[in-house]
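J.: what shape does this take:
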Amino acid sequence: MPNEARSALVFRAGDCSAQTDLAALYATQSIARGEGSIGGAWATGMPALNDDLAHDCSIAASQACASGLSRLVVLPVIGNASLEAVLAWYL
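T.: Numbering: from 1, shown residues only. Now for the predicted structure:
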């Protein structure tokens with residue numbers, strides 16, 4: 001979700017089949033507008049697909065690659081003409 005200043009996206013909630021503590025993993029991390037697939041979806045307001053996370057520059061993509069995941073689907077959630085959240089599914 002956007003932080004209070006709306007200057008970056010921060011992790012709020014998630015689920016991992018490997019039972020990874022995502023809140024702890026991303027507690028101090030953020031994604032800037034336009035950064036990687038997730039930041040790109042925020043910047044454009046459009047969904048994004050990424051079939052090769054090795055070339056995505058965000059911290060989330062780096063962590064996903066380290067966990068053996070390689071693909072991503074991103075869906076921006078827009079409400080009242082602004083971004084409310086970004087949903088990301090890693091495969």
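
J.: surely residue 58 touches residue 35?
T.: Yes. Between residue 58 and residue 35 a contact is recorded at 5.2 Å, counting by CB atoms under 8 Å. In short, each C-beta sits where N, CA and C put it, glycine included.

J.: so what's the residue located most distally from the centre of the chain scoring on pLDDT?
T.: Note on the chain: the largest C-alpha distance from the chain mean falls to residue 80, namely 20.9 Å (CA atoms, centre = their mean). As predicted, residue 80 sits at a pLDDT of 91.

J.: pLDDT at the residue minimising distance to the centre of the chain, what is it?
T.: Per CA atoms, centre = their mean, the C-alpha nearest to the average position across the chain is that of residue 38, at 4.3 Å. For residue 38, the pLDDT comes out at 95.

J.: who are the contact partners of it?
T.: The neighbours of residue 38, taking CB atoms under 8 Å, 6 or more residues apart in numbering as the test, are 9, 31, 48, 58, 60, 61, 72, 74, 86, 88.

J.: need the max-distance pair from those residues.
T.: Considering CB to CB, no two members of these lie farther apart than 9 and 72, which are separated by 14.1 Å.

J.: can you list contacts of stretch 6-16?
T.: 1-3, 22-23, 26-27, 29-33, 38-39, 42, 82, 85-86.

J.: how does it look with 6 Å?
T.: Outside stretch 6-16, the residues that touch it by CB atoms under 6 Å, 6 or more residues apart in numbering are 1, 3, 22, 26, 30, 31, 32.
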